[in-house]
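Asker: Provided below are the primary sequence and the corresponding predicted coordinates.
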Amino acid sequence: MKKQSILFVCLGNICRSPMAESVMDRLLAETQLSTEVSIDSAGCYGYHEGERADARMRQHASARGYKLNSISRPITTDDFEKFDLIIGMDDNNIADLMRKAPSAEAQKKIRRMTDYCSAHTVDHIPDPYYGGADGFDLVIDLLEDACSGLIKQLSTRQKE
Ligand code: 4NP
């Protein structure tokens, strides 16, 4: 089976999508799918290009055993070619991705992160940037739920 590639996308690529990448990285290792699936993250915009993940997100991640290594970058047209799935965190991300996609074929790769959740009934991963500490923990809770669902879907496909 062809190796799958997944791009996680949020607004600034310093909070939600780097966190999604780290949660997914751990789950892929635990399920021995690391060699089958490649992952990356990007932002809809490049305001924070070249920066490490937000210090608050890194701190909350670290408290739960995650390390955030990614450096912020904006999504490119090439990403729509390169990745099999492009997963946005909220309505704005999805709308930006639909607008930036270079073709109808590329638009078909766009997904919503919360569609993979099973323990939480939510329709977006809330942007924690302007909020308090609870928002960062909620991001991790929701992403752990969504990434587990995504892994389940990928492992089913892997067996097909
Ligand atoms: P993210 O969070 O999209 O989860 O990385 C944000 C990061 C930066 C800004 C907003 C949200 N900002 O306005 O700079």
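Answerer: Here it is on my side, so go on. Keep in mind that this is a model prediction, so the values were computed, not measured. Numbering: from 1, shown residues only.
Asker: So residue 59 lies in a helix, does it not?
Answerer: Yes - the assignment for residue 59 is a helix, going by DSSP: H, G, I helix; E, B strand; the rest coil.
Asker: How much space separates the nearest residue to it once chain neighbours are set aside from the ligand?
Answerer: Once its chain neighbours are removed from consideration, residue 59 has its nearest residue in residue 136; the separation is 7.9 Å (CB to CB, 6 or more residues apart in numbering). No exception for glycine: its C-beta is placed from N, CA and C like everyone else's. Distance of residue 136 to the ligand, given as CB to the nearest ligand atom, to the nearest Å: 10 Å.
Asker: count of neighbours near residue 136?
Answerer: 22 (other CB atoms under 10 Å).
Asker: Phi and psi next, for it.
Answerer: Comment: the main-chain dihedrals of residue 136 come out as phi -70, psi -40, following degrees, to the nearest 10.
Asker: Show the pLDDT at it.
Answerer: Per-residue confidence (pLDDT) for residue 136: 98.
Asker: Isn't it up against residue 58?
Answerer: No - the pair residue 136 and residue 58 does not pass the contact test of CB atoms under 8 Å, sitting 9.6 Å apart.
Asker: Now residue 44: closest residue in space that isn't a chain neighbour?
Answerer: Leaving out its chain neighbours, the residue that sits closest to residue 44 by CB to CB, 6+ apart is residue 96, at 4.1 Å.
Asker: Residues of the chain that sit close to the ligand?
Answerer: Applying the criterion CB under 6 Å from any ligand atom, the portion of the chain that neighbours the ligand consists of 10, 11, 12, 13, 14, 15, 16, 47, 127, 129.
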